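[1] just the structure for this:
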Amino acid sequence: PFAVVVERLSEQDLESAIVLRGRSEASRSVEVRAQTSGLVLSEPRARGSQVAEGDLLCELDPGTRAASLAEAQARLSGAEAGLAEAELNQTTATRLAEGGFRAQNTTASAEAMVEAARANVEAARAGVEAAEAELDRLTITAPFAGILEADTAERGSLMQQGGLCATVYRLDPMLIVGFAAEAQIDRLAVGAMAGAQLSNGRQVQGRVTFLARAADPATRTFRVEVTVPNPDLAIRDGLSADILIAATATRGHLVPGSALTIDDEGVLGLRLVDETNHTFFVPVRVLRDAPQGFWVAGLPETADVI
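    Residues are numbered from 1 along each chain as shown. A predicted model of the protein is given here:
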């Protein structure tokens with residue numbers, strides 16, 4: 001037998017908050033692009049302007065599209081007239097065949113003509129819809145309320161299909177984005193209260209609205225999003241932030257670093273003394289470090305630690 005120094009440690013609650021480093025980020029952003037080509041007719045909106053959902057951003061010259069629509073509508077009218085005539089001929093042929101005045105194959109021919117006329121009507125109707133859709137693409141509107149990051153397209157410029165009309169950011173609400181380590185992410189929950197201090201000194205409060213399920217392959221951290229109100233648009237996109245998030249309760253033992261050891265297999269743990277004054281090894285998991293040592297999990301509620 002030999003003497004050892006033993007300290008009786010009891011399980012305690014850890015601090016129920018997690019601190020993350022992050023930045024502010026617009027809750028939505030989109031590059032609004034043209035679906036067709038044409039000259040820009042509208043006056044440009046200045047960068048920094050506020051736009052509402054549905055506001056006009058760019059209007060393109062219709063060119064010959066109106067004429068194309070009129071042509072498609074005329075083609076549809078003609079196809080519908082042809083269908084009506086074919087249906088009338090079918091009815092007449094059917095009645096004559098029933099009275100024995102015309103051969104049955106004449107009725108089949110009339111039915112085929114009706115089907116062909118119906119196909120023409122459908123094709124003409126599709127042409128009208130395509131022409132109307134092309135005209136609708138000439139008016140480019142804001143998909144949601146937000147702020148213009150840059151001027152919209154200049155009047156008189158030629159915009160090609162896929163060309164950039166405007167970039168819209170939604171800053172209310174705003175996201176405060178942080179990145180949690182593997183040991184932290186399981187202590188966070190969607191809906192938890194959170195606060196942040198921005199680099200300009202402003203303090204904001206909100207709730208956790210997103211926790212990533214997959215880690216960033218480069219940093220092995222998980223994206224955490226906190227949504228905060230920003231009605232006056234005072235929070236800018238890209239500000240640094242210190243984030244404090246309420247975490248789920250965690251209990252552990254605060255042990256001095258000198259007490260930690262490893263067994264013959266390299267497992268980290270502590271040596272304890274039982275009621276018969278015999279020592280035994282207990283594996284532990286480090287929760288976090290502290291000025292007085294380390295918070296660990298895996299010990300009995302009360303433990304005599306060597």
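
[2] which stretches of the stretch 1-150 of the chain have low pLDDT?
    For the stretch 1-150 of the chain, the stretches flagged by pLDDT under 70 are 15-16, 93-108, 110.

[3] please, where are all the strands along it?
    For the stretch 1-150 of the chain, strands defined by DSSP state E, counting those that start in this stretch occupy the ranges 7-10, 12-13, 17-33, 38-39, 50-51, 56-59, 139-141, 146-148.

[4] mind checking which of these is nearest Val267?
    strand 7-10 (19.6 Å; C-beta to C-beta). C-beta: built from backbone N, CA, C; applies to glycine.

[5] so Ala215 sits against Phe222, correct?
    Yes. Counting by C-beta atoms under 8 Å, Phe222 is a contact partner of Ala215 at 5.5 Å.

[6] neighbour count winner among the two?
    Ranked by neighbour count (other C-beta atoms under 10 Å), Ala215 and Phe222 place Phe222 first, with 20 against 16.

[7] per-residue confidence at the more buried one?
    Phe222 carries a pLDDT score of 95 in this model.

[8] now do the phi/psi pair for it.
    phi -110, psi 130 (degrees, to the nearest 10).

[9] and it, how close does it get to Pro231?
    Applying C-beta to C-beta, to the nearest Å, the value for Phe222 to Pro231 is 29 Å.

[10] check Leu148 too.
    The gap separating Leu148 from Pro231 is 19 Å, by C-beta to C-beta.

[11] between the two, which has more neighbouring residues?
    Between Leu148 and Pro231, counted using other C-beta under 10 Å, the more crowded position is Leu148 (22 against 8).

[12] wait, the more buried one sits on Asp55?
    No. Counting by C-beta under 8 Å, Leu148 stays clear of Asp55, with 10.0 Å between them.

[13] bridging residues for Gln12?
    For Gln12, the residues forming beta bridges with it (DSSP bridges) are Gly252.

[14] list the contacts of it.
    By C-beta atoms under 8 Å, 6 or more residues apart in numbering, Gln12 lies in contact with Arg251, Gly252, His253, Leu254.

[15] ok, the nearest residue to Met174 once chain neighbours are set aside - how many residues close by?
    Among residues not flanking Met174 along the chain, Asn230 sits closest, at 4.2 Å (C-beta to C-beta, 6 or more residues apart in numbering). Using other C-beta under 10 Å, Asn230 has 20 other residues around it.

[16] does Asn230 touch Asp172 like I think?
    Yes. The pair Asn230 and Asp172 passes the contact test of C-beta under 8 Å, sitting 4.4 Å apart.

[17] one step back: between the strands of the stretch 1-150 of the chain, which gets nearest to Val121?
    With respect to Val121, and counting by C-beta to C-beta, the nearest of the strands of the stretch 1-150 of the chain is strand 139-141 at 28.8 Å.

[18] helices or strands up against the closest one?
    Judged by 3 or more C-beta pairs under 8 Å, 6 or more residues apart in numbering; DSSP states H and E, strand 139-141 is in contact with strand 56-59.

[19] so what touches the strand it packs on?
    Counting by C-beta under 8 Å, 6+ apart, 32, 34, 40-42, 45, 51, 138-142, 152-153, 159, 165-166 sit against strand 56-59.

[20] the same query, at a cut-off of 10 Å, please.
    Contact with strand 56-59 is made by 32-34, 38-45, 51, 138-143, 148, 152-155, 157, 159, 163-166, 168, as judged by C-beta atoms under 10 Å, 6 or more residues apart in numbering.

[21] Phe294 sits in which helix or strand?
    Using DSSP states H and E, Phe294 sits within strand 293-297.

[22] what packs against the helix or strand following that strand?
    Sequence-wise, the next helix or strand downstream of strand 293-297 (DSSP H and E) is strand 302-305. Contact here means 3 or more C-beta pairs under 10 Å, 6 or more residues apart in numbering; DSSP states H and E; on that basis strand 302-305 packs against strand 7-10, strand 251-255, strand 268-273, strand 279-283.

[23] list the buried residues in the longest one.
    Within strand 268-273, the residues that qualify as buried by neighbour count (16 or more other C-beta atoms under 10 Å) are Gly269, Leu270, Arg271, Leu272, Val273.

[24] after the helix or strand harbouring Phe210, which helix or strand is next?
    Assigned by DSSP H and E, Phe210 belongs to strand 203-211. Next helix or strand after strand 203-211 toward the C-terminus (DSSP H and E): strand 222-228.
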